[in-house]
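K.L.:
Dropping a prediction and its sequence here:
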Amino acid sequence: MDTMQGERRSWKQEPMVWLLIAIPFSAVIMGVVMITLAIQSYSGLVVDDYYKKGKQINRALARDKFAHELGLAAGARLGGDGSVEIRFAPGIQFVPGDKIELSLIHATKPGLDQNLQLNRIDSHLLTGKLELQGEGRWNLYLQTPDWRLTGSLQHPQQAAAELLPNYTPE
């Protein structure tokens with residue numbers, strides 16, 4: 001007797017049935033995952049005034065150029081207690097600006113960004129207090145209205161960063 005004709009298998013034993021069930025089920029699971037990721041990783045609004053943003057970029061480039069012309073360079077060190085220490089290179093004669101601000105911008109989470117007004121201890125040392133709330137890459141901007149130095153660090157693996165002008169002469 002031929003076994004192929006005589007046996008009837010249940011639908012639960014058919015691989016094609018499970019394949020037809022698995023495809024829509026996996027689409028539903030991926031949809032839930034995508035919605036969860038979209039809600040948890042909100043990245044802010046898109047800038048709608050491009051002209052104004054472009055003018056700000058040109059102003060930032062002018063500040064980078066001025067820092068390069070002054071020969072500014074500094075090192076930033078984050079302490080475990082939340083202290084921040086900015087030390088300018090020893091060869092720098094003059095650090096212009098009364099209000100010097102340190103901006104810490106998280107690379108992927110704008111809600112964690114911080115701005116800090118630094119206290120001048122002497123002509124080459126600035127200090128302040130902050131608390132980095134997230135791990136990952138942080139972009140640092142040491143700036144006044146006239147000049148700007150930039151750097152980055154990977155928190156918590158790095159506690160120090162070099163701050164330099166983001167300018168290359170043509």
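P.N.:
Structure received.
K.L.:
pLDDT below threshold where in this protein?
P.N.:
Regions of the chain meeting the criterion pLDDT under 70 cover residues 1-6, 42-58, 94-98.
K.L.:
What distance do you get for G31 to I21?
P.N.:
16 Å (C-beta to C-beta, to the nearest Å). To be clear about C-beta, it is placed using only N, CA and C from the backbone, and glycine gets the same treatment.
K.L.:
Contacts only, for the residue nearest the centre of the chain.
P.N.:
With distances taken as C-alpha atoms, centre = their mean, the residue of the chain nearest its centroid is A107 (1.0 Å). Counting by C-beta atoms under 8 Å, 6 or more residues apart in numbering, A107 makes contact with 136-139, 152.
K.L.:
Return the distance of it relative to P165.
P.N.:
Using C-beta to C-beta, which is the criterion applied here, A107 is 20 Å from P165.
K.L.:
on that earlier part again, tell me the most packed of the contacts of A107, by neighbour count.
P.N.:
W138 (23 neighbours; other C-beta atoms under 10 Å).
K.L.:
and it, which of the three is it?
P.N.:
Three-state assignment for W138 (DSSP: H, G, I helix; E, B strand; the rest coil): strand.
K.L.:
Specify the beta-bridge partners of it.
P.N.:
Beta-bridge pairing of W138, defined through DSSP bridges, involves H106, L153.
K.L.:
Having no further points to raise, I will conclude here.
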